[in-house]
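Visitor: Quick check, what structure comes out for this input:
(chains A and B)
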Amino acid sequence: SAVISQKPSRDICQRGTSLTIQCQVDSQVTMMFWYRQQPGQSLTLIATANQGSEATYESGFVIDKFPISRPNLTFSTLTVSNMSPEDSSIYLCSVSEDRRQNFGPGTRLLVL
Amino acid sequence: GENVEQHPSTLSVQEGDSAVIKCTYSDSASNYFPWYKQELGKRPQLIIDIRSNVGEKKDQRIAVTLNKTAKHFSLHITETQPEDSAVYFCAAKKNVDTPLVFGKGTRLSVIA
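Guide: Prediction:
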C-alpha cells in the first residue's frame, strides 16, 4: 500500500497566522482527501483534491480558510489560514487505493 | 449525503469477553464498509473491511457483518485482550473516487 508522509508532524502557532501542511505519497494517486480530527472527535472531511482541478470542499469548509494545492499525482498541500484556537486539531491526508483509504501520520496543530 | 451512525460511544468489557460495535448508514449507494482502530496519538489503521456483495468477513478474532437491506454493519471482536483497547471507527464509501464518511467512534476499554 502507498506510503504517506506529512510535514510538519506538529506545530504550535499564534492566532492570525497561517500554516501549510504538506502531504507526500510514494506512488501516483488520483484522489487525495484532507480530514480534520478535533480533540476526542471523529474524522471530518475538509475537501477532496483531484490533480488538475479545483478542490471540492465539504459544507462548513471554505477555500479562503483552507486553500489546497494539488500540483501533481504524488503531492498536496493544505493551508490553514488566519488561525484561531478553534483550529487546533490533527489534520490528516488520505489516499484511496481501490476503495481502501490509508492515512498519513497527521499534523498536530495547536493554536495559541 | 451519507450519514453514518455508530453505537455505543463507549464500551467496557472484561478481558476474554466479546465486544460488538454497530453502525448504520443512510446512502444505499454505499458499498464499501471499513473499520479503523486508532490508538492514542496514532493515525487510524484499517483492521477489516467488507464490500456490499459479502455478508460476513472474518479475520482471526475480528469479524464484520453487513445487512444491506437494513443498512447496518457490525464489528465483532472475540476473546478481547487489553491491547484491543482503542477507539474504533466505522465508515462508508461509494466508490474509489469518493471519500470515506466516518461514524463518531467507539472507545473500547478491555479490563484485565
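Visitor: Can you tell me which residues in chain A are near chain B?
Guide: Contacts of chain A with chain B, taken as C-beta under 8 Å from any C-beta of the partner chain, map to A:30-31, A:33, A:41-45, A:48, A:92, A:94, A:96, A:98-106. C-beta: built from backbone N, CA, C; applies to glycine.
Visitor: Sort out for me which of these are in helices.
Guide: Counting by DSSP state H, no part of the residues of chain A next to chain B is found in helices.
Visitor: Which among these count as buried?
Guide: Neighbour counting by 16 or more other C-beta atoms under 10 Å in any protein chain shown classes A:31, A:33, A:42-45, A:48, A:92, A:94, A:96, A:99-106 among the residues of chain A next to chain B as buried.
Visitor: Which of those fall in strands?
Guide: A:31, A:33, A:43-45, A:48, A:92, A:94, A:96, A:100-103 (DSSP state E).
Visitor: Switch those over to JSON lines; also include pLDDT.
Guide: Listed next are those as JSON lines, based on pLDDT from 0 to 100:
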{"residue": "A:31", "pLDDT": "91"}
{"residue": "A:33", "pLDDT": "97"}
{"residue": "A:43", "pLDDT": "98"}
{"residue": "A:44", "pLDDT": "97"}
{"residue": "A:45", "pLDDT": "97"}
{"residue": "A:48", "pLDDT": "96"}
{"residue": "A:92", "pLDDT": "98"}
{"residue": "A:94", "pLDDT": "97"}
{"residue": "A:96", "pLDDT": "91"}
{"residue": "A:100", "pLDDT": "92"}
{"residue": "A:101", "pLDDT": "94"}
{"residue": "A:102", "pLDDT": "94"}
{"residue": "A:103", "pLDDT": "96"}
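Visitor: which two in the residues you listed are spaced the farthest apart?
Guide: Greatest spatial distance in these: A:44 and A:100, 19.7 Å, computed using C-beta to C-beta.
Visitor: what pLDDT does residue A:1 get?
Guide: Predicted confidence (pLDDT) for residue A:1: 84.
Visitor: Beta-bridge partners for the residue nearest to it when sequence neighbours are not counted, please?
Guide: Leaving out its chain neighbours, the residue that sits closest to residue A:1 by C-beta to C-beta, 6 or more residues apart in numbering or on different chains is residue A:102, at 5.5 Å. Counting by DSSP bridges, residue A:102 is bridged to residue A:95.
Visitor: Alongside chain A, which residues does chain B contribute?
Guide: So chain B meets chain A at B:32, B:34, B:43-44, B:46, B:49, B:51, B:89, B:93, B:95-97, B:99-105 (C-beta under 8 Å from any C-beta).
Visitor: let's see 7 Å
Guide: By the rule C-beta under 7 Å from any C-beta of the partner chain, the part of chain B lying against chain A is B:32, B:34, B:43-44, B:46, B:49, B:89, B:93, B:95-97, B:99-100, B:102-105.
Visitor: which residues does residue A:90 contact?
Guide: By C-beta atoms under 7 Å, 6 or more residues apart in numbering or on different chains, the residues touching residue A:90 are A:37, A:106-108.
Visitor: Report the two of those residues separated the most.
Guide: Farthest pair in the contacts of residue A:90, by C-beta to C-beta: A:37 and A:107, 10.5 Å.
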